[in-house]
Structures are given as structure tokens and as C-alpha cells.
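1. Predicted model and sequence follow; I will ask about them next.
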Amino acid sequence: MKSTLVQQKFNTLFNEEATTIVRSPGRINLIGEHIDYNDGFVLPASIDKEIVLAIAPNTIDGICTLYAADFNDTFTFSLSNLEPTSKGWPNYVLGVIVELNKAGYQIKPFNCVFGGNIPTGAGLSSSAAVECGIAFALNEIFGLGLTKLQIVQFSKQAENNFVGVNCGIMDQFASTFGKAHHVIKLDCKSLDYEYFPFQMAGYDIVLCDTGVKHSLGDSEYNTRRQECDSAIAVLKEKYPSITSFRDVTLSQIQSITDLLPTKTIDRATYVVQEIKRVSDASILLNKNDLEGFGQLMYQCHEGLSKLYEVSCIELDFLKNLAFESGQVTGSRMMGGGFGGCTINLVKKENTATFIDAAIIAYQEKFKKALKTYIVAITDGTSMVG
Ligand code: GLA
């Protein structure tokens with residue numbers, strides 16, 4: 001939804017102009033999946049799929065009203081009663097307020113309209129975009145003095161504590177710290193980061209959206225985290241010098257196979273392999289070797305599908321289709337999994353043929369329309385205008 005439409009809606013609903021307009025993007029992740037919460041490195045970027053928020057303090061009646069344009073739905077609440085709601089979508093806003101309150105930040109009544117073009121449940125982090133967008137907007141209108149990193153951390157805590165998904169920091173970090181034409185290399189252990197220029201000359205990033213919503217994902221996601229936690233606990237016990245998965249070798253994992261269920265060993269194996277892959281991928285990116293980079297994307301998918309078991313038949317089908325076409329440099333499932341999108345690195349001359357073939361094959365196989373998006377890398381959460 002365009003920012004002018006969000007502003008107009010605000011005017012209509014509240015009979016005044018919004019004081020602040022904020023744009024907050026979704027994200028892609030080139031590689032480094034399911035390792036943000038395992039102290040790995042990730043390579044995400046914020047994209048031109050975004051939500052726009054129009055917001056202003058409400059000085060009239062002491063309550064807060066939210067309007068989600070994409071759902072044509074309103075939610076009104078009092079700041080003295082911040083309980084999760086079964087409506088779902090307001091929780092991303094309420095959770096941020098709760099976390100800010102816990103840290104001693106005073107939020108006063110406000111009204112907010114938001115809407116955008118990030119497909120929900122597609123693995124593009126629409127929830128992080130809302131969380132970071134509202135944290136950024138409240139920081140502006142109430143002069144809270146938050147740093148960008150605090151915006152990220154309060155947003156992540158909202159997701160962990162209020163929404164109940166024990167996510168890592170990648171999505172909120174990418175949404176807030178994104179930079180046009182760059183990917184972020186984020187060290188999820190120290191939170192150090194650097195921007196890599198992403199030379200896309202000659203390549204497109206194409207997302208293929210399975211249309212499968214990752215409803216199973218939240219509980220499975222939390223289970224994966226527990227499995228990783230139990231593996232690292234056993235490894236630390238046996239090898240006291242290990243501080244996190246970053247220090248673990250594959251042979252150390254082999255040495256504990258009889259102490260843990262096979263699936264837990266598989267999860268740990270994937271994590272160690274993926275941490276190494278991101279390090280190799282960064283070297284290739286530095287050399288602008290996107291062909292080599294693409295091979296690592298394919299390997300990442302194999303690990304996510306077979307060892308980490310967060311893929312689904314639709315995602316596997318799309319990755320295989322990309323691989324077998326011989327026209328796609330790299331392809332893999334992206335984000336938490338169990339649905340959502342594949343991310344494909346495609347030479348521009350192959351993009352149209354690949355997209356056409358994928359749409360036809362997907363329709364034939366699943367009797368369902370495949371949505372595709374060619375995305376651009378943009379700046380992170382920021383003021384509009
Ligand atoms: C979701 C989570 C992230 C990350 C990815 C998988 O998007 O929110 O923290 O763990 O899954 O890489």
C-alpha cells in the first residue's frame with residue numbers, strides 16, 4: 001500500500017493528519033538459515049516489500065486505535081490493559097509496547113494506520129517489519145531516544161515474549177539496519193555487522209511463493225531451538241572449551257551420536273555445516289563469484305530439507321525445478337520454513353523463462369497459482385518524506 005493511501009486513511013479515520021510516516025521493510029536472507037539463534041553469521045537484506053505506518057499521539061480520549069489496512073480491521077485498546085488478543089495482528093504492536101514499558105519507557109495514547117505489500121506467512125518477515133516499524137514510530141513521536149539496536153532488541157523480545165515465537169535476531173536486525181544495494185553480514189554472537197555491496201549487475205533475486213502458510217512453523221521452530229540447545233549442552237559438557245556452535249567441529253558431533261537422538265544429531269550437523277557455508281559464501285561474495293555462491297545456496301537447501309527438516313514438498317519441488325532447469329544460479333527455501341518462499345539467484349537473461357516455467361509446473365503439480373516477486377534491496381526502517 002502506498003504511503004499516500006495510508007495517510008489518507010489516517011485522515012479519514014481520525015480527522016487529522018498523521019504526524020509521522022514510517023516505512024518498514026521485509027527481508028530476504030541470502031544464506032545462513034536457522035543459525036541466528038545458534039551464534040552463527042547470516043547474510044540478510046531489507047527489500048522493496050514493506051509496510052507503511054501513519055501515526056500520531058491521541059490527545060483526545062486516552063485510548064489507542066490501530067487500523068490494519070490489509071485486513072480492513074480495527075483494534076482499540078487501553079495502555080493499562082495490554083493482553084494478547086486472538087485477533088493476532090495487533091499482538092506485534094502490543095508486544096513492542098509491553099517490552100518498552102518493561103524497560104521503563106512511557107508510551108502515551110496514539111493512533112496508527114498501517115498497511116503494505118509484504119505477503120504474510122511467506123517467510124519475508126512481515127511481523128518483524130510491523131514490530132520494527134512501530135518501535136521506530138513510537139520512538140519518533142514520544143522522543144524515547146532509542147538506538148537502532150534497541151529498536152531491534154525490543155522488537156525481537158516482543159516476538160519472543162508476547163507473540164511466543166522464540167525467533168533469533170536476524171529479521172528485526174535486517175528490517176532496521178538494511179541498506180540499499182547491500183547485504184548485511186551479521187555476527188549473531190557479538191552483533192557486529194558489516195555491509196557487503198551486493199553487485200546484482202546481471203542477476204535478479206526472484207522469490208517463488210509457495211502460498212503455503214507456515215502455520216506448523218511456530219511450534220516446530222521452537223522445537224528446533226530446543227533440539228539445538230540440548231545438542232550444545234551435551235557438547236559443552238564433553239568439550240568444556242566450546243562456548244557456542246561456532247567452536248564445534250563435525251567430528252565432535254560424531255563423538256556424541258550415542259548420547260542424543262539421531263534427529264538432534266542431524267540438527268547439530270546442519271548448524272555446523274551452515275556456519276561454515278556462510279563463511280565460504282562471504283569469501284565468494286567478496287570476489288563477486290555469484291556462481292559459486294549459488295552452489296552454496298543449493299547445498300543449504302539440502303541441509304534444511306534433509307537434516308534440519310524445515311522444508312515441505314512445495315519448497316523442495318521449486319528448488320528441484322530451479323536446479324534441473326540449469327538456468328538458476330542458486331535456489332533454496334528461505335526463512336523459518338514449512339512454507340513461504342524459495343529465494344533464487346537468476347541471471348537476468350534467464351529470469352523470464354524460469355518464472356514462466358515455474359508458474360506452469362507449479363500449477364500442474366499443485367493445482368495452485370505460484371506467485372513470484374523480483375525484489376530489490378532497499379534501506380531499512382526509516383521516515384517517509
Ligand atoms: C525466522 C526467524 C529468524 C531466523 C529464521 C531462520 O525468520 O524469525 O530469527 O531464525 O526464521 O533462519
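-> Looks like it came in fine.

2. which strands and helices sit next to the longest strand seen in the chain?
-> In the chain, with assignment by DSSP state E, the single longest strand is strand 44-57. Using 3 or more Cβ pairs under 8 Å, 6 or more residues apart in numbering; DSSP states H and E, the elements in contact with strand 44-57 are helix 3-14, strand 20-29, strand 110-116, helix 126-142, helix 170-177, strand 182-187, strand 371-375. Placement of C-beta: from N, CA and C, glycine included.

3. Name the SS class of whatever residue of the stretch 1-150 of the chain ends up closest to the ligand, please.
-> Residue of the stretch 1-150 of the chain nearest the ligand, by Cβ to the nearest ligand atom: residue 33 (4.1 Å). Judged by DSSP: H, G, I helix; E, B strand; the rest coil, the three-state class of residue 33 is coil.

4. Distance of it relative to residue 377?
-> 18 Å (Cβ to Cβ, to the nearest Å).

5. same thing with residue 309?
-> Per Cβ to Cβ, residue 309 is found 30 Å from residue 377.

6. Looking only at neighbour counts, state which of the two leads.
-> residue 377 (23 against 16; other Cβ atoms under 10 Å).

7. which ones are touching the more buried one?
-> 28, 45-48, 178-183, 198, 200, 205 (Cβ atoms under 8 Å, 6 or more residues apart in numbering).

8. what stretches of the chain score poorly on pLDDT?
-> 1, 215-217 (pLDDT under 70).

9. which parts of it sit against the ligand?
-> Neighbours of the ligand within the chain, by Cβ under 6 Å from any ligand atom: 33-34, 36-37, 125, 167-168, 170-171, 335-336.

10. Residue 250: which of those residues is nearest?
-> Nearest to residue 250 out of these is residue 34 (Cβ to Cβ; 17.0 Å).

11. surely the closest one meets residue 309?
-> No. In terms of Cβ atoms under 8 Å, residue 34 does not count as a neighbour of residue 309; the distance is 10.7 Å.

12. related to what we said a few turns ago, pull the longest strand of the chain out as CSV, backbone CA atoms only.
-> Taking Å, rounded to 0.1, in the frame of the first residue of the first chain, the C-alpha atoms of strand 44-57 are listed here in CSV:
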residue,chain,number,x,y,z
PRO,A,44,20.1,-10.8,5.1
ALA,A,45,19.0,-7.6,3.3
SER,A,46,15.9,-5.5,3.5
ILE,A,47,13.8,-5.3,0.4
ASP,A,48,11.2,-3.3,-1.5
LYS,A,49,8.3,-5.2,0.1
GLU,A,50,7.3,-3.0,3.1
ILE,A,51,4.7,-1.7,5.4
VAL,A,52,3.9,1.9,5.8
LEU,A,53,2.7,3.3,9.2
ALA,A,54,1.0,6.6,9.7
ILE,A,55,0.9,7.5,13.4
ALA,A,56,0.1,10.4,15.8
PRO,A,57,-0.3,10.8,19.5
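
13. Give the buried residues for the lengthiest helix in the chain.
-> Longest helix in the chain, counting residues (DSSP state H): helix 262-286. The neighbour-count check on helix 262-286 (16 or more other Cβ atoms under 10 Å) flags 264-275, 277-278, 281-282, 284-285 as buried.

14. and if you look at stretch 357-377?
-> For stretch 357-377, the neighbour count (16+ other Cβ under 10 Å) marks 358, 361-362, 370, 372-373, 375, 377 as buried.

15. Would you mind listing the two of the residues you listed that lie farthest apart?
-> 361 and 377 (27.7 Å).

16. what does stretch 65-76 rub up against?
-> 1, 5-6, 9-10, 13-14, 58, 63-64, 77, 85, 87, 89-90, 93, 111-116, 120.

17. how long is it from one end to the other?
-> 4 Å (Cα to Cα, to the nearest Å).

18. ditto for stretch 230-247
-> 16 Å.

19. Find the closest residue to the ligand in the stretch 201-350 of the chain.
-> residue 336 (3.5 Å).

20. since we're on that residue, how many residues are nearby?
-> For residue 336, the count of nearby residues is 22 (other Cβ under 10 Å).

21. wait, it sits on residue 214?
-> Yes. If you go by Cβ under 8 Å, residue 336 and residue 214 touch, sitting 5.9 Å apart.

22. list the residues that contact both of the two?
-> residue 123.

23. Surely residue 332 forms part of a helix?
-> No. Using three-state DSSP, the assignment for residue 332 is strand, not a helix.

24. Name the nearest residue to it, ignoring sequence neighbours.
-> residue 301 (3.6 Å; Cβ to Cβ, 6 or more residues apart in numbering).

25. element containing the one you found, please.
-> helix 290-302 (DSSP states H and E).

26. which other residues reach the following helix or strand past that helix?
-> Per DSSP H and E, the first helix or strand lying C-terminal to helix 290-302 is helix 313-325. Helix 313-325 has contacts (Cβ under 8 Å, 6+ apart) with 208, 210-212, 298, 301, 305, 328, 331-333, 337, 339-340, 342, 344, 354, 357-358, 361-362, 365-366, 370.

27. for stretch 134-150, same thing?
-> Here stretch 134-150 makes contact (Cβ under 8 Å, 6+ apart) with 19-20, 22, 24, 53, 55-57, 92-93, 96-97, 100, 105-108, 110, 112, 114, 151, 154-155, 176-177, 191, 381-383.

28. so how far is the first residue of that stretch from its last?
-> End-to-end for stretch 134-150, by Cα to Cα: 13 Å.

29. With stretch 180-189 instead?
-> First residue to last in stretch 180-189 (Cα to Cα) measures 24 Å.

30. Other residues contacting that stretch?
-> 30, 35-45, 168-170, 173-174, 177-178, 192-198, 200, 244, 246, 282, 285, 377-379.

31. same for the host helix or strand of residue 207, what does it pack against?
-> Assigned by DSSP H and E, residue 207 belongs to strand 203-209. For strand 203-209, the packing partners by 3+ Cβ pairs under 8 Å, 6+ apart come out as strand 341-347, helix 348-366, strand 371-375.
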